[in-house]
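Enquirer: give the three-dimensional model of this entry:
(4 chains)
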There are 2 protein chains.
Amino acid sequence: MTTTKTKILLAEDDENLGLLLKEYLKAKGFETNLFANGELAFRDFVKTQYDICILDIMMPVKDGYTLAKEIRQIDEDIPIIFLTAKSMKEDVIEGFSIGADDYITKPFSMEELLFRIEAILKRTSPDFKTPAPEQYKIGKYVFDTKKQTLQTGDKTIRLTTKESELLKLLCNHQNKILDRNFALKTIWLDDNYFNARSMDVYITKLRKYLKEDDSVEIINVHGKGFKLVM
Amino acid sequence: MTTTKTKILLAEDDENLGLLLKEYLKAKGFETNLFANGELAFRDFVKTQYDICILDIMMPVKDGYTLAKEIRQIDEDIPIIFLTAKSMKEDVIEGFSIGADDYITKPFSMEELLFRIEAILKRTSPDFKTPAPEQYKIGKYVFDTKKQTLQTGDKTIRLTTKESELLKLLCNHQNKILDRNFALKTIWLDDNYFNARSMDVYITKLRKYLKEDDSVEIINVHGKGFKLVM
DNA sequence: TTTTACTGTTAAACAAGGCTAAATGGAAGT
DNA sequence: ACTTCCATTTAGCCTTGTTTAACAGTAAAA
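Expert: Here you go, the predicted structure:
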């Protein structure tokens, strides 16, 4: 399987921040090229296929706005996110006028940057690892979230809406803990006692459906939630 | 060409801000419906085709997060922007986790909001924006709303008025939940018990008509409504 | 160990929905 | 007026989805 990594162009003159972001994004599965100024970034942009650009505004040699304008002349559509220390109204306006997709003021958490990147990518590239694909492979099962079915070779199990929503959340967090309260608030909208017990009942149901394949298991993490391991 | 205005759902309990935004957006060519709390906003959401939702987080009766989750259960894809006074890291994370497209902290300039709306809309394919076409493709069927017919290669099924109206509503909300009460009030003008049972009978009829194509299905969402998936 | 908070599972209860057939009632034809 | 036709509603019965209750088991805490 050749899942091409999402390529990010990062133009940031603060070396500390730049490397930190690059490392973080790498850990999150992105391929990031870091450049210390707009000039270097642009020289690479023309020869590399990027999926998204993250540009600091204030940089030596060539600032972020200028860089963005040059990028826009080459590619009208590529997503651009500005990073900046100042949050002056006019600057934000100018950023968006150039055709920015987002404008983030420092300080920001890397997590927020990641979310903002993903929010843009989910609308941009249709094949982007969206947090909610229509089909999941669960061991020898195929779970169709749209049709709410769970197929395994011969038979097809029709799932109810709640079963489907819960399984979807589990798939979404596969091999990670799905927090009880998060799941409750997402599906039941309220994490009271009764809904919690209701959820337990649904976990039992899902386990029954999935018991044909031993490599798949929904395990409980005491006091935290459930984990779909496979 | 009759370009329909982009419809915005705005949930904001601060009446001053709400009306101000509404006026501003109106001047910019948007059609905005303003609601003072999440409950009212949701009640309208199920019966109106919106293009984007702008939700304040802190609202009486039903807060923005809960509203967003309810909206997401009905429509997984509609863009959501959160407005909030607090910019706590965890809140931003929660907002994006629900599937927000942007998260703006007050105070913000209306101009910035406008740019952010446009940044999102330029990435959103306006496929459902074309209002109520005369013909729908439903799997291998062609549904003609005007002639009230359902064609599939060889044969043509004549639909009755009620059958046609219901199917039209379902098509209008395809892959989203068609709210029971909204459908009843729209077609039967009254959501009493008997009309509800009548509607169930019609759902059965439509399912029979559509059973030639497995890729099409009318699934029930318990207590909420029906969803035409394809 | 004892206690307490969680979790697993089953079954009961109830509401909602699926389906079929019969009843209703209006429109059109005789 | 009577009949036929047909869309729609009502009735009835059965199935399913979801929640609640109840009881047993287990992990953590005291």
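Enquirer: the host helix or strand of A:Gly95 near chain B at all?
Expert: Per DSSP states H and E: A:Gly95 is located in helix A:89-98. Yes: judged by Cβ under 8 Å from any Cβ of the partner chain, helix A:89-98 comes into contact with chain B at A:Lys89, A:Val92, A:Ile93, A:Phe96, A:Ser97. Yep, even glycine has a C-beta here, placed from its N, CA and C like the rest.
Enquirer: using the three-state scheme, assign A:Leu55.
Expert: Counting by DSSP: H, G, I helix; E, B strand; the rest coil, the backbone at A:Leu55 sits in strand.
Enquirer: burial count for it?
Expert: If you count neighbours by other Cβ atoms under 10 Å in any protein chain shown, A:Leu55 ends up with 27.
Enquirer: for it, list each beta-bridge partner.
Expert: A:Leu55 forms beta bridges with A:Ala11, A:Phe82, as assigned by DSSP bridges.
Enquirer: you'd agree it is up against A:Ala68?
Expert: Yes: using Cβ atoms under 8 Å, A:Leu55 is in contact with A:Ala68, at 5.9 Å.
Enquirer: which among the residues of helix A:89-98 next to chain B gets closest to chain B?
Expert: Nearest to chain B, judged by Cβ to the nearest Cβ, of the residues of helix A:89-98 next to chain B is A:Phe96 at 3.5 Å.
Enquirer: returning to that earlier point: could you dump the residues of helix A:89-98 next to chain B to JSON lines with distance to B:Leu189?
Expert: Below are the residues of helix A:89-98 next to chain B laid out as JSON lines (distance: Cβ to Cβ, whole Å):
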{"residue": "A:Lys89", "distance to B:Leu189": "49"}
{"residue": "A:Val92", "distance to B:Leu189": "48"}
{"residue": "A:Ile93", "distance to B:Leu189": "48"}
{"residue": "A:Phe96", "distance to B:Leu189": "45"}
{"residue": "A:Ser97", "distance to B:Leu189": "49"}
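Enquirer: host element of A:Tyr24?
Expert: Per DSSP H and E: helix A:15-27 holds A:Tyr24.
Enquirer: beyond that helix, next helix or strand please.
Expert: By DSSP H and E, the next helix or strand past helix A:15-27 is strand A:30-35.
Enquirer: report the central residue of chain A.
Expert: For chain A, the residue sitting closest to the mean C-alpha position, by Cα atoms, centre = their mean, is A:Glu118 at 4.2 Å.
Enquirer: mind checking the SS state of it?
Expert: Per three-state DSSP, A:Glu118 ends up helix.
Enquirer: what is the neighbour count of A:Lys22?
Expert: Quick note: A:Lys22 (other Cβ under 10 Å) scores 18 neighbours.
Enquirer: hang on, the earlier thing: who touches both of A:Leu55 and A:Ala68?
Expert: A:Ile80, A:Phe82 (Cβ atoms under 8 Å, 6 or more residues apart in numbering or on different chains).
Enquirer: the helix or strand just after the helix holding A:Gly95 pairs with which strands?
Expert: Moving toward the C-terminus from helix A:89-98, the next helix or strand (DSSP H and E) is strand A:102-105. In the sheet, strand A:102-105 lines up against strand A:80-84 (parallel) (DSSP bridges).
Enquirer: any idea how far the partner strand is from the chain center?
Expert: Offset of strand A:80-84 from its chain centre (Cα atoms, centre = their mean, to the nearest Å): 18 Å.
Enquirer: before we move on, what about stretch A:137-156?
Expert: Counting by Cα atoms, centre = their mean, stretch A:137-156 comes out at 24 Å from the chain centroid.
Enquirer: ok, and does it reach over to DNA strand D?
Expert: No: contact of stretch A:137-156 with DNA strand D is not found when judged by Cβ under 7 Å from any atom of the strand; the minimum separation is 8.8 Å.
Enquirer: okay, that stretch in CSV with CA atoms only?
Expert: What follows is stretch A:137-156, C-alpha atoms only, in CSV (Å, rounded to 0.1, in the frame of the first residue of the first chain):
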residue,chain,number,x,y,z
LYS,A,137,-12.1,-3.4,8.2
ILE,A,138,-12.4,-5.1,11.6
GLY,A,139,-10.5,-8.4,11.4
LYS,A,140,-12.4,-10.5,9.0
TYR,A,141,-15.4,-8.2,9.2
VAL,A,142,-16.3,-5.2,7.1
PHE,A,143,-18.2,-2.5,8.9
ASP,A,144,-20.2,-0.2,6.7
THR,A,145,-21.0,3.0,8.7
LYS,A,146,-23.3,4.3,6.1
LYS,A,147,-25.5,1.3,5.7
GLN,A,148,-25.0,0.3,9.3
THR,A,149,-24.0,-3.3,8.5
LEU,A,150,-21.3,-5.7,9.6
GLN,A,151,-20.3,-8.2,7.0
THR,A,152,-18.4,-11.4,7.5
GLY,A,153,-18.1,-13.5,4.4
ASP,A,154,-21.4,-15.3,4.4
LYS,A,155,-23.7,-13.2,6.6
THR,A,156,-24.6,-9.6,7.0
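Enquirer: if we can go back for a sec, separate out the buried members of the residues of helix A:89-98 next to chain B.
Expert: Among the residues of helix A:89-98 next to chain B, the ones that count as buried by 16 or more other Cβ atoms under 10 Å in any protein chain shown are A:Val92, A:Ile93, A:Phe96.
Enquirer: what's the closest of these to DNA strand D?
Expert: Ranked by distance to DNA strand D (Cβ to the nearest atom of the strand), those are led by A:Phe96 at 42.1 Å.
Enquirer: wait, isn't that closest one in contact with B:Leu113?
Expert: No: using Cβ under 8 Å, A:Phe96 is not in contact with B:Leu113, being 10.4 Å away.
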